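Trainee: I would like the atomic coordinates for the input below:
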Amino acid sequence: MSEILKLENINYSYIDGGYERVILKDLCYTFESGKFYTVLGPSGSGKTTLLSIISGLDTASSGEIYFDGKNVISEIGLHKYRRNEISIVFQQYNLISYLTACENVLLAMSETDNKLPKDKKTVAYNLLERFGIVRSKADRIVTQLSGGEQQRVAIARSLASNVNLIFADEPTGNLDTATEKEIIGIFKELSHDFGKTIIVVTHSDTVSAMSDQRVLLKDGKLTTIAKVEDKGF
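Mentor: Residues are numbered from 1 along each chain as shown. Just a heads-up that it's a prediction; the model follows:
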């Protein structure tokens, strides 16, 4: 597998009550394409901060991030990186509440420079159907769908812009166990069958146990825990 995301000496800190609080310290790690990663760590360890930095929503105090061998800031640019290279799946879905499921996916397709099929609506319906959102539900306002269905819409939206790197922040935190396992199954399929790199921040033992690689964030650094065997469902 080839390298898709490389972090070199990432540092992040802020001032709290007159004291500097160090969150990330000389953090280095390399993520490979086509793998499903989970990032674990105690509360307050900086998992969400790390996700914000590697997804381009925040910037590190120092250090370099490389996507597909190119520096995210100096060679690609943060705006183009966010627009064309990555997608994010949030715990709260972050869908546009007054749009249908299909319209939410179409909106993502309109916000990228990546090459997409001409018949975008057909692609949107097909993406949603692949993740269990049939045509009748795809035409519903998203707030009329269940939590699990809304998360499926969010995942379909993350794929609509034709990116290879997908981040997820506690994507199953609001879901029941059965739905959680279904969402994990989707992530595994995306990485193993479609070559997408999935990086999930989670507290869930179920999610981490089913990932290809568990990574621990502790004391400001990332370390590999162990390769997880595929035990199936």
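
Trainee: restricting to C-alpha, output stretch 27-37 in CSV.
Mentor: Provided in CSV are the C-alpha atoms of stretch 27-37 (Å, rounded to 0.1, in the frame of the first residue of the first chain):
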residue,chain,number,x,y,z
LEU,A,27,3.9,14.2,16.3
CYS,A,28,4.8,12.0,13.3
TYR,A,29,2.8,9.4,11.6
THR,A,30,2.1,8.0,8.1
PHE,A,31,-1.3,6.7,6.9
GLU,A,32,-1.5,4.3,3.9
SER,A,33,-4.1,4.3,1.2
GLY,A,34,-6.9,1.7,1.3
LYS,A,35,-6.8,1.2,5.1
PHE,A,36,-9.4,1.8,7.8
TYR,A,37,-7.8,3.5,10.8
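
Trainee: and that stretch, what's buried?
Mentor: Neighbour-count burial for stretch 27-37, counted by 16 or more other C-beta atoms under 10 Å, picks out 27, 29, 31, 33-37. Backbone N, C-alpha and C define where each C-beta goes, glycine included.

Trainee: got phi/psi on residue 214?
Mentor: Dihedral pair for residue 214: phi -100, psi 140, per degrees, to the nearest 10.

Trainee: list the residues that contact it.
Mentor: 37-38, 40, 208, 224-226, 228 (C-beta atoms under 8 Å, 6 or more residues apart in numbering).

Trainee: do that again at 10 Å, thanks
Mentor: 37-40, 202, 207-208, 223-228 (C-beta atoms under 10 Å, 6 or more residues apart in numbering).
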